[in-house]
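Q: A predicted structure for the sequence below; I have some questions about it.
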Amino acid sequence: MLHRLTQIMVLVTITPSFALDNGLGRTPAMGYNTWYDLMGSLTEENLKASVDAFIKLGLPELGYTYFNLDDDWAAGRYPNGTVFADESKFPSKTLKPIADYVHSNGLKFGTYTDRGTLTCGGKPGSFNYEKIDARTYALWGVDYLKEDSCHASSEDHDLAFQEYTTMRDALNATGRPILFSLCGWYSWYALVGSSLGNSWRIGPDDTNWDGVLTNININSRLAQHASPGSFNDPCLLLSTNFNNYLRITLLQSRAQFIMWCIMASPLLISGNVRNLDLYVVDTYKNKDAIAINQDPLGKQGIRVRGSDLTVGSSKGDDTNVWMKELESGIAVAFLNVGASNATVQCDAACFAFSKMNTKMLCGKEVYSGIEVKFATADGLFVLDLPPSGGSALFKLSACRGESLTSVFQL
């Protein structure tokens, strides 16, 4: 398999016409996805209400520009192969009216398909219909396409790459800029992801807190594959669905957001934007955290203290420290997933990963606004980080002068 995989990587490298080359997604995509909010209950009307709520929350002005449908919108195909939408949800049997509504509000519109014969929800997939589907999406005004991997082989890597290549080329051939998001669920997509799409899923659906931690662990080994226009995707941002069912706690929603920012992951809110908790809104609207995620270097953060996190009954580390190189300075995230409060330290050896030739660092914790100034030789201590999702995120840069404190407490 390694020999065959290498052949594919060489092919896309030496043949420019086979490259992605769409100029999109230079920083991680930001926006909304319907799945963990509306799931199969999406309709043109509740989608319009979600657009209105999204705008009222002030999210677009912070960079959340994509409004994306997930599964369960399609119903079938006409005799000529053109896909059509469920008429009970979309009266025109197309997505153009909702796309027009999204565009009229200054947002970009995304939709969903599958590289297999059917989607995960049993709707028409794009296998053998890539060209006609791509043309249809372009006519409807689609700006973002997520392509799933249900009802398709997950064992044959070469076949999976080829099927995604087929859709990639079909999208490029339309002449419309359409960001391409692969949803293949496995870390091996990262090896060739940048030649196929703007982002690629690296693990299973996150669904709950254990899913969030699982994908953090998987993504910890993939930082070298991320770059401007090409990002590892650990899945969607969790909060509540349309019935206000809370998938993760409020504390965990902030921890997830912090980790997604440090990992340069797509920031796609998949919760009830019509009734988001104010704490979650504050989490998603933090300008400093967003700036860390959207840093133009496009570097994915790395784990600099700790190892794989404890997930369920699989015992690992309860705490982690992660670091991300920025165009100006560094970002450092502290995380506690254990059952009790913890003091987490990034010492001199930890800060050596930054490769910053400085003896002093200044900055702040981005959610509390508390400023810090410390010697790298002393390190930074975060005291009493709360259990099961306690987190802190610092934005730091070189400075001069005397150390003020190397201890931080929420």
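A: The structure has been received and is ready for your questions.

Q: how about the secondary structure of residue 387?
A: coil (DSSP: H, G, I helix; E, B strand; the rest coil).

Q: run a quick neighbour tally on it.
A: If you count neighbours by other Cβ atoms under 10 Å, residue 387 ends up with 15. Where you see a C-beta, it was placed from the backbone N, CA and C, and this is true even at glycine.

Q: the bottom helix or strand of the chain by mean pLDDT?
A: helix 2-14 (a mean of 32; mean pLDDT, DSSP states H and E).

Q: quick one: low-confidence ranges for the chain?
A: Across the chain, the ranges flagged by pLDDT under 70 are 1-19, 402-410.

Q: report the central residue of it.
A: residue 266 (2.5 Å; Cα atoms, centre = their mean).

Q: right, and it touches residue 231 too?
A: Yes: using Cβ atoms under 8 Å, residue 266 is in contact with residue 231, at 6.4 Å.

Q: what's the overlap in contacts for the two?
A: 28-29, 199 (Cβ atoms under 8 Å, 6 or more residues apart in numbering).

Q: narrow these to those in helices?
A: Among those, no residue falls in helices (DSSP state H).

Q: quick one: which of these is nearest residue 309?
A: residue 28 (21.6 Å; Cβ to Cβ).

Q: and that closest one, what does it touch?
A: By Cβ under 8 Å, 6+ apart, the neighbours of residue 28 are 199, 231, 264-267, 293-294.

Q: adding distance to residue 351 and secondary structure, write these out as a markdown table.
A: Formatted as a markdown table, these follow (distance: Cβ to Cβ, whole Å; DSSP: H, G, I helix; E, B strand; the rest coil):
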| residue | distance to residue 351 | secondary structure |
| --- | --- | --- |
| 199 | 30 | strand |
| 231 | 25 | strand |
| 264 | 20 | coil |
| 265 | 23 | coil |
| 266 | 28 | coil |
| 267 | 27 | strand |
| 293 | 21 | helix |
| 294 | 24 | coil |
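
Q: most surrounded residue in the residues you listed?
A: Counting neighbours by other Cβ under 10 Å, residue 231 leads these with 31 neighbours.

Q: isn't that one right up against residue 202?
A: No: using Cβ under 8 Å, residue 231 is not in contact with residue 202; the gap is 9.8 Å.

Q: joint contacts of those two?
A: With Cβ under 8 Å, 6+ apart as the test, residue 231 and residue 202 reach no residue in common.

Q: the longest helix along the chain: which residues count as buried?
A: Using DSSP H, we find that the single longest helix of the chain is helix 157-174. Neighbour counts over helix 157-174 (16 or more other Cβ atoms under 10 Å) mark 157, 160-161, 163-168, 170-172, 174 as buried.

Q: return the closest of those with respect to residue 115.
A: Out of those, the member with the shortest distance to residue 115 (by Cβ to Cβ) is residue 163, at 4.4 Å.

Q: pull the residues that contact stretch 278-291.
A: Contacts of stretch 278-291 (Cβ under 8 Å, 6+ apart): 30, 57-59, 62-64, 237, 239-240, 250, 253-254, 257-258, 261, 267, 269, 271, 276, 364, 366-367, 393, 395.

Q: among these, which ones are buried?
A: Here, 16+ other Cβ under 10 Å leaves 30, 57, 59, 62-64, 237, 239-240, 250, 253-254, 257-258, 261, 267, 269, 271, 276, 364, 366-367, 393, 395 buried among the contacts of stretch 278-291.

Q: just the ones in strands from those, please.
A: 30, 237, 267, 269, 364, 393, 395 (DSSP state E).

Q: isn't residue 198 right up against residue 228?
A: No: counting by Cβ under 8 Å, residue 198 stays clear of residue 228, with 10.0 Å between them.

Q: comparing these two, which residue is more hemmed in?
A: residue 198 (27 against 16).

Q: once you drop chain neighbours, what's closest to residue 163?
A: Excluding the flanking residues, the one nearest residue 163 by Cβ to Cβ, 6 or more residues apart in numbering is residue 115, at 4.4 Å.

Q: residues contacting that neighbour?
A: Contacts of residue 115 by Cβ under 8 Å, 6+ apart are 125-127, 147-149, 152, 160, 163-164, 167.

Q: for residue 219, state which of these is nearest.
A: Among the contacts of residue 115, and counting by Cβ to Cβ, the member closest to residue 219 is residue 149, at 18.1 Å.

Q: quick one: neighbours of the nearest residue to the closest one once chain neighbours are set aside, just the number.
A: Using Cβ to Cβ, 6+ apart and skipping the chain neighbours, the partner closest in space to residue 149 is residue 184 (4.7 Å). Per other Cβ under 10 Å, the neighbour tally for residue 184 reads 27.

Q: where do the helices of the stretch 151-300 of the chain begin and end?
A: 157-174, 193-196, 209-219, 250-262, 278-284, 287-293 (DSSP state H, counting those that start in this stretch).

Q: from residue 147, how far out is the residue nearest to residue 149?
A: 9 Å (Cβ to Cβ, to the nearest Å).

Q: and what of residue 348?
A: 45 Å.

Q: same thing with residue 271?
A: 23 Å.

Q: now residue 204
A: Distance of residue 204 to residue 147, computed by Cβ to Cβ: 17 Å.

Q: can you check residue 34 too?
A: 16 Å.

Q: and if you look at residue 37?
A: Where residue 147 is concerned, residue 37 sits at a distance of 20 Å (Cβ to Cβ).
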